[in-house]
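J.: Here's a sequence, model it:
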Amino acid sequence: MGGQNNIQTNRQYKDRLFRLIFGSEKNKKYILDLYNALNDTNYTDDSLLEITTIQDVVYMGMKNDSSFIIDSELNLFEQQSSYNPNMPFREFEYCAKLLDKWVEENNFDIYGSRLVKLPTPKCYVFYNGMEEHEDKEILKLSDAFITESEGCEWTVTMLNINKGHNLELMNKCGVLKEYSEFVAMVRDSSQRMNIQQAVEQTVVTFIERNGLLSGFLKSHRAEVVDVCITEYKEELHLKNVHNEGRAEGRAEGEARMSKLVSVLINQQKFEELKKVTTDEAFREECYTLYNI
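T.: As a prediction, this is how the structure comes out:
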């Protein structure tokens, strides 16, 4: 990375709800709760947690939701509403940039003869898309390699946080559970009303519940509504693009099949014609006519 001046930024990037909850300095207690739930630890002092997420910045077009260092570990959290098998490479790339920044800030010399000890990376994807996936899946960078490679691997743990999945984790981290329920309620309500009404109604419902996210939603109500509407539109756009691609592929396939059937039918006609004439010129003319 080499320094802040070399960072490619996009100041128009809007935070997502997951990042608002689990990626900001103001909500370190939420981040610590999720870390404890994932690692079976019992940290209570959130000052031990050093946020490394860079606010309002996109590295190379990649959105980082949350990253932090605690107990010599560099944790990367990403939320995905659509399955992305390229997450190992994306988090590998982002982690490399964070470690580069960490080395620079600590004035370490990686070109010297002494080994520089680095925070251990731990990468997670929290998936809440509409496709069915297991509670836990290990995504491997090696799956993207053109040829097999021994001794070279990078993995990302993808956790399904949709309703009915990873119940033990949800019970350990109530904030994650409420986030999951919030997203599910917005999706469900959006089937019966416009998205703005769905989000606003869900916010009111969760505030009235007086749960773990109640205070957060009260303080960030307008921002939450804004980012949820943006997320929903982005998710809908990606879904439409996917469906359009499938429709175009299906139409192209049907056209090819129709042409093949036509060729086969004409081939049959040509074969029958050959049985009743020996005139080579006439047969060649029919050959061209039937486009065989």
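
J.: going forward, measure contacts between C-alpha atoms and count neighbours the same way
T.: Will do.

J.: if I pick Cys228, what's in contact with it?
T.: Arg16, Leu17, Val199 (C-alpha atoms under 8 Å, 6 or more residues apart in numbering).

J.: try Thr202
T.: Phe182, Met185, Val186.

J.: Which strand or helix spans the second one?
T.: Per DSSP states H and E, Met185 falls inside helix 174-189.

J.: For that helix, buried residues please.
T.: For helix 174-189, the neighbour count (16 or more other C-alpha atoms under 10 Å) marks 174-187, 189 as buried.

J.: which residues of the stretch 1-150 of the chain score low on pLDDT?
T.: Counting by pLDDT under 70, the stretch 1-150 of the chain shows low-confidence ranges at 1-15, 54-63.

J.: That one: helices as residue ranges?
T.: Ranges of helices within the stretch 1-150 of the chain are 17-22, 28-39, 87-105, based on DSSP state H, counting those that start in this stretch.

J.: about what we covered before: the helix holding Met185 versus helix 28-39: what angle between them?
T.: 100 degrees (axes from the mean of the first three to the mean of the last three C-alpha atoms, to 10 degrees).

J.: Quick one: mean pLDDT for the helix or strand following helix 174-189?
T.: Downstream of helix 174-189, the next assigned helix or strand under DSSP H and E is helix 195-209. For helix 195-209, mean pLDDT is 94.

J.: Return the list of helices and strands in contact with whichever helix or strand comes after helix 195-209.
T.: Once the chain leaves helix 195-209, the next helix or strand it forms, by DSSP H and E, is helix 214-219. Secondary-structure packing of helix 214-219 (3 or more C-alpha pairs under 8 Å, 6 or more residues apart in numbering; DSSP states H and E): helix 195-209.

J.: Which positions in the helix it packs on come out as buried?
T.: Quick answer for helix 195-209 (16+ other C-alpha under 10 Å): Ile195, Gln196, Gln197, Ala198, Val199, Glu200, Gln201, Thr202, Val203, Phe206, Ile207.

J.: in this structure, which residue is closest to the centre?
T.: Gln80 (3.2 Å; C-alpha atoms, centre = their mean).

J.: Can you verify my assumption that that one contacts Val125?
T.: Yes: using C-alpha atoms under 8 Å, Gln80 is in contact with Val125, at 6.8 Å.

J.: rewinding a little: quickly compare the helices of the stretch 1-150 of the chain and say which is most buried.
T.: Mean neighbour count, computed with mean count of other C-alpha atoms under 10 Å, is highest for helix 17-22 among these, reaching a mean of 22.

J.: If anything else comes up later, I'll come back, but that's it for now.
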